[in-house]
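[1] Got a sequence here, can you build the structure:
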Amino acid sequence: MLKEKITREILNKGYSGEFLYRFGKNFGNLYDNFEKLYGDKPGFEEHVYQLVNQIYNSYETRKEDLKVIDRKREDNPSWYMGNDIVGTMIYTDRYNKDLKGFTKKIDHLKDMGINYVHLMPLLDMSDDENDGGYAVKDFKKVYHKFGTTEDLIEVADELHKRDMLMELDIVLNHTADIHEWAMKAKQGDPKYINYYYFYDNREIPDEFERTLPEVFPDTAPGNFTYVPELDKWVMSMFYRYQWDLNYTNPEVFVDMIDIISGIANFGMDILRLDAVPFLWKKIGTISRNEEQAHIILRAMKAAMRMIAPGVLFKAEAIVEPYEIVRYLGEGKYDECEIAYNASFMVFLWDAIATRNARIVRTGLNNMARLPKGTTWINYVRCHDDIGLGHDNNDIYQVGYTPEAHRKYLIDFFVGRLPESFAQGVTFMENPKTGDARISGTLAALTGLEKGVKENNSELINDGLSRIKLLHTAIMCLGGIPLIYYGDEVGHFNNYGYKDVVTEQMDSRWIHRPVIDWDKMAKKDVQGTVEYEIYQSLKSVIKKRSELPEFTNENDFEILDYSHDKIFSFIRQKGNDKTVVLINFSENGESIAVNVLDRLGVAPNGYYDYLTGEFLNITNSSIHMNKLSILWVKVK
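    Purely as a prediction, here's the structure:
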């Protein structure tokens, strides 16, 4: 058989023992998945050899200091599952101009307790339409606005010197229409025409369109773009200048391994794989979450196990909760190690708006647990909008109706309701259906911005309490917490996006702030909101790292199912236990003390690990302040 033949040939080559060991361990998995995708394609054997040669070349060109990191992580395969990793995501140019400017601010992140940095897309792109960097012109070069490729490698080196991790995006689904492959396709090169989905007329595109949803129906209707240079139609599911890659072509897969490994070899520890649900297209379906998309990821992971086994894959899959878990391998396959916990994020915002714990408790209880060795990114805000992707069954289960409930949340967070404190704005609002997503910073959505602008002390204090509650909640559920840049000091909405031609049609730029370093300096000035947010966040990050039970395992257990306002769960590792109580109400609430029974006998009482203070317990009830969170332990 071909697999055995290639295995014998490679093992008899004079390659390093390390590579041969990894090859022997992973090639079978790579071959099996590659064959599922391309076994019926002409020249399959040649493509397998090309792939193996690419993998070896990528391994050989990997720097020795990165190989040292790989070896340490191979010896400790659960290295990312502890309680010590806290991430952030940053727009480099909006943070401190460019990569060299970012390097000067690394110590600010280190002081906060951040040790994992995701820099938003940096690779070469158009100066005009570029979808915020997700329309890549050249995967092997840094966009001139940010600096040079050497600057990027230097940033990775500086982070590694401080025991910090670095992440970069890889756009797997598409390239810019000015990418080298696209330009060659426009010139009529048949090899590169086959790198995309080109059609001579509208017959097949129209078949696709019958079932394909539109990603951006308002700003980019339709899923195909006419290319006059070829008199053909090309698939462009995002924007017209982003052409979908044709993964039915094995040459695309081989070239993407070159790209993935090349970016990893810049010094990345984590690769954020963008838009992975879209990788495989099939007429008559929505062309999302197809089984072949998972097979592609399994093959890519097997290749990277040989090249750079210390590098993690993070799936950007904002899909239904049951679909997200599939990108983490379902306990059967090796795909991605990390995914965004978009559901928990939405549940938290639901609780903030409704002032109750119904959805967060029910939704988390109904979610599938993660396979061992995989984890969530838990976050409150990120660069993207808030899409209300609740499972309708969760909404029905707590007594709401989905359409009315989502409308309430939208109206609440954009300030249309009299009881609202939020100052968000809609994104992609559909006037016909009332559907919309929500944009806005953490400070704007929690009422802090409104409170400061109105000089309303009650709104300010409640806004600060919500921010502290939300940040503390993502620290303790299980998963890697991610703090969005600017939220550490409560940056307000950036309304100036409306004056920027390339941003004004996309309200998400409202929560992509240009960092005001004078504002950031107030983090050390007592009595300021910046001080309150930053110092609280810094403290809770440190306290999380002190609790062995707060690992990144998805092992929380919900305790009380009856209290309308207070959400309770326990985290446990061996004899180390903490009960978490979260009061989402704007009033003080009480819960029966027996919610703490799992902690065991407490001869010296129960106390809050966050403050060190004993709980307020009278008449067998724990009394909680409004908008508060407790990490309860036995004294």
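
[2] Just the C-alpha atoms of the helix or strand hosting residue 225, please, in CSV.
    Assigned by DSSP states H and E, residue 225 belongs to strand 224-227. What follows is strand 224-227, C-alpha atoms only, in CSV (Å, rounded to 0.1, in the frame of the first residue of the first chain):
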residue,chain,number,x,y,z
PHE,A,224,-20.4,35.0,-6.0
THR,A,225,-18.6,37.9,-7.7
TYR,A,226,-18.2,38.4,-11.4
VAL,A,227,-14.5,38.6,-12.6
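
[3] elements contacting it?
    For strand 224-227, the packing partners by 3 or more Cβ pairs under 8 Å, 6 or more residues apart in numbering; DSSP states H and E come out as helix 203-209, strand 232-235. All C-beta atoms are positioned from the backbone trio N, CA, C, and that covers glycine.

[4] Quick one: mean pLDDT over that strand.
    Mean per-residue pLDDT for strand 224-227: 98.

[5] any residues touching that strand, and which ones?
    177, 186, 198-199, 202, 205, 208-209, 232-236, 240-241, 243 (Cβ atoms under 8 Å, 6 or more residues apart in numbering).

[6] among these, which ones are buried?
    Buried members of those, counted by 16 or more other Cβ atoms under 10 Å: 177, 186, 198-199, 205, 208, 232-236, 240-241, 243.

[7] Show me which pair in the residues you listed is furthest apart.
    Of all pairs drawn from these, the greatest distance, 21.5 Å, lies between 186 and 208 (Cβ to Cβ).

[8] Please name the nearest non-neighbouring residue to residue 122.
    Nearest residue to residue 122 in three dimensions, chain neighbours excluded: residue 146, at 5.0 Å (Cβ to Cβ, 6 or more residues apart in numbering).

[9] if I look at that neighbour, how far off is residue 219?
    25 Å (Cβ to Cβ, to the nearest Å).

[10] cool, residue 12 as well?
    Here residue 12 is placed at a distance of 56 Å from residue 219 (Cβ to Cβ).

[11] could I get whichever strand or helix holds residue 296 in PDB with only the CA atoms?
    Of the helices and strands defined by DSSP H and E, residue 296 is found in helix 291-307. The C-alpha atoms that make up helix 291-307 are tabulated as PDB, following Å, rounded to 0.1, in the frame of the first residue of the first chain:
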ATOM      1  CA  GLU A 291     -17.600  16.700   7.700                       C
ATOM      2  CA  GLN A 292     -14.800  17.500   5.200                       C
ATOM      3  CA  ALA A 293     -14.100  20.700   7.100                       C
ATOM      4  CA  HIS A 294     -13.200  18.600  10.100                       C
ATOM      5  CA  ILE A 295     -11.200  16.200   8.000                       C
ATOM      6  CA  ILE A 296      -9.100  19.200   6.700                       C
ATOM      7  CA  LEU A 297      -8.400  20.300  10.300                       C
ATOM      8  CA  ARG A 298      -7.400  16.800  11.400                       C
ATOM      9  CA  ALA A 299      -5.000  16.500   8.500                       C
ATOM     10  CA  MET A 300      -3.600  20.000   9.200                       C
ATOM     11  CA  LYS A 301      -3.200  19.100  12.900                       C
ATOM     12  CA  ALA A 302      -1.400  15.800  12.000                       C
ATOM     13  CA  ALA A 303       1.000  17.800   9.800                       C
ATOM     14  CA  MET A 304       1.700  20.300  12.500                       C
ATOM     15  CA  ARG A 305       2.300  17.500  15.000                       C
ATOM     16  CA  MET A 306       5.400  16.700  12.900                       C
ATOM     17  CA  ILE A 307       6.500  20.300  12.300                       C
END
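
[12] and the following helix or strand past that helix, what other elements does it pack with?
    The first helix or strand that comes after helix 291-307 along the chain, using DSSP H and E, is strand 312-315. Strand 312-315 sits against strand 270-274, helix 291-307, strand 338-340, with contacts defined as 3+ Cβ pairs under 8 Å, 6+ apart.

[13] State the mean pLDDT of the helix or strand following strand 312-315.
    Toward the C-terminal end, the helix or strand that comes next after strand 312-315 (DSSP H and E) is helix 321-324. Average pLDDT, helix 321-324: 86.

[14] Pull out the buried residues from helix 321-324.
    Neighbour counts over helix 321-324 (16+ other Cβ under 10 Å) mark 321, 324 as buried.

[15] Show me the contact partners of it.
    Contacts of helix 321-324 (Cβ under 8 Å, 6+ apart): 277, 289, 315, 317, 339-340, 342-343, 363, 366-368, 391.

[16] repeat that with 6 Å
    The contact list for helix 321-324 (Cβ atoms under 6 Å, 6 or more residues apart in numbering) reads 289, 317, 339, 343, 367.

[17] Including pLDDT, could those residues go into a markdown table?
    Below are those laid out as a markdown table (pLDDT from 0 to 100):
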| residue | pLDDT |
| --- | --- |
| 289 | 98 |
| 317 | 92 |
| 339 | 97 |
| 343 | 95 |
| 367 | 93 |
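
[18] So which of those residues wins on neighbours?
    residue 339 (27 neighbours; other Cβ atoms under 10 Å).

[19] So it sits against residue 315, correct?
    Yes. Using Cβ atoms under 6 Å, residue 339 is in contact with residue 315, at 4.5 Å.

[20] which neighbours do those two share?
    Residues touching both residue 339 and residue 315 by Cβ under 6 Å, 6+ apart: residue 327.

[21] Residue 510 contacts residue 441, correct?
    No. Residue 510 is not in contact with residue 441 according to Cβ under 6 Å; the separation is 7.5 Å.

[22] okay, and the common contacts of these two?
    With Cβ under 6 Å, 6+ apart as the test, residue 510 and residue 441 both reach residue 493.

[23] coming back round to it: out of the contacts of strand 224-227, the closest to residue 484 would be?
    The closest of those, once distances to residue 484 are taken by Cβ to Cβ, is residue 241, at 27.1 Å.

[24] list the contacts for the closest one?
    By Cβ under 6 Å, 6+ apart, the neighbours of residue 241 are 129, 135, 177.

[25] Tell me the one of those nearest residue 115?
    residue 135 (30.6 Å).

[26] Per-residue pLDDT of the closest one, please?
    At residue 135, pLDDT is 98.

[27] Just checking the distance from the helix holding residue 296 to the centre of its chain.
    Taking Cα atoms, centre = their mean, to the nearest Å, one finds helix 291-307 lying 19 Å from the centre of the chain it belongs to.

[28] Okay, angle between that helix and strand 270-274 too, please.
    Angle, helix 291-307 to strand 270-274, by axes from the mean of the first three to the mean of the last three Cα atoms, to 10 degrees: 160 degrees.

[29] Which secondary structure elements does helix 291-307 sit against?
    On a contact count with 3 or more Cβ pairs under 6 Å, 6 or more residues apart in numbering; DSSP states H and E, helix 291-307 meets helix 17-38, helix 44-60.

[30] gap between residue 423 and residue 515?
    20 Å.

[31] neighbour-wise, which of these two wins?
    Comparing residue 423 with residue 515 by other Cβ under 10 Å, the one with more neighbours is residue 423, at 23 against 19.

[32] what's the closest non-adjacent residue to the residue nearest in space to the middle of the chain?
    In the chain, the residue lying closest to the centroid (Cα atoms, centre = their mean) is residue 340, at 4.1 Å. Among residues not flanking residue 340 along the chain, residue 377 sits closest, at 5.0 Å (Cβ to Cβ, 6+ apart).

[33] tell me the SS of the one you found?
    Taking DSSP: H, G, I helix; E, B strand; the rest coil as the rule, one finds residue 377 in the strand state.

[34] Going forward, the N-terminal residue is numbered 847.
    Sure, I'll start numbering at 847, so the last one becomes residue 1223.

[35] tell me the contacts of it?
    Contacts for residue 1223 (Cβ under 6 Å, 6+ apart) come out as 1184, 1186, 1326, 1328.

[36] Which strand residues bridge the closest residue to the first one other than its chain neighbours?
    Think residue 1184. Of all residues not flanking residue 1184 in the chain, residue 1160 sits nearest, at 4.1 Å (Cβ to Cβ, 6+ apart). The partner list for residue 1160 in beta bridges (DSSP bridges) reads residue 1118, residue 1184.
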